[in-house]
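K.L.:
Fold the following for me, if possible:
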Amino acid sequence: MIPNMQQAMKQFQKMQAEMARVQEELGNKTVSATAGGGVVKVEITGKLEIKQIEIDKEVVNNDEVEMLQDLIVAAVNEGIKKAQEMAADEMAKVTGNLKIPGMPGLF
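P.N.:
From the prediction side, this is the model:
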C-alpha cells in the first residue's frame, strides 16, 4: 500500500472509532422542547428516544383532548428536530463537517 494511503486509512479508522463513541454518548444527551407556551414538554435523547413527556394539568379535560394531542405532536417533532441538530453537531466535531451518506447522526 502507498504510505499516504496507509496514513489515510489509519485516520479513517480513527474517525470511525470516534464516531462510534459519539453515537454512544448521544444516548446519554438530551434536548427539551415545548409546545403551547410550555403546557406540553418533551425530553428526547440524541438517539431520538423520548425520555419524558410533561403535560400541564390545566389543559387536561375532555373538551381539550384534540388540542392536547396536537401539542404533543408539536413538542415531539420539535424535540426530534433539536436532537437531530445536536447529533449532527456532535458528529461534525469528529468528521470536520465531512458529509458521509448513510451515517446515523448526520441528518
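K.L.:
mind listing the strands for the protein?
P.N.:
30-35, 40-45, 50-55 (DSSP state E).
K.L.:
looking at the ones you listed, which is buried most?
P.N.:
Compared across the strands of the chain, strand 40-45 shows the largest average neighbour count, a mean of 22 (mean count of other CB atoms under 10 Å). (Each C-beta comes from the backbone N, C-alpha and C, glycine too.)
K.L.:
low-confidence ranges in the protein?
P.N.:
Along the chain, segments meeting pLDDT under 70 span 1-2, 97-107.
K.L.:
Closest to the mean position in it, which residue would that be?
P.N.:
The chain has Ala83 as the residue nearest its centroid, 2.3 Å off, counting by CA atoms, centre = their mean.
K.L.:
if I look at the spatially closest residue to that one that is not a sequence neighbour, how far off is Met91?
P.N.:
Distances taken as CB to CB, 6 or more residues apart in numbering put Ile44 closest to Ala83, at 4.7 Å, once the chain neighbours are dropped. Distance check for Ile44 against Met91: by CB to CB, to the nearest Å, it reads 17 Å.
K.L.:
Equivalent analysis for Leu48, please.
P.N.:
Distance of Leu48 to Met91, given as CB to CB: 14 Å.
K.L.:
Which of the two has more residues huddled nearby?
P.N.:
Met91 (24 against 15; other CB atoms under 10 Å).
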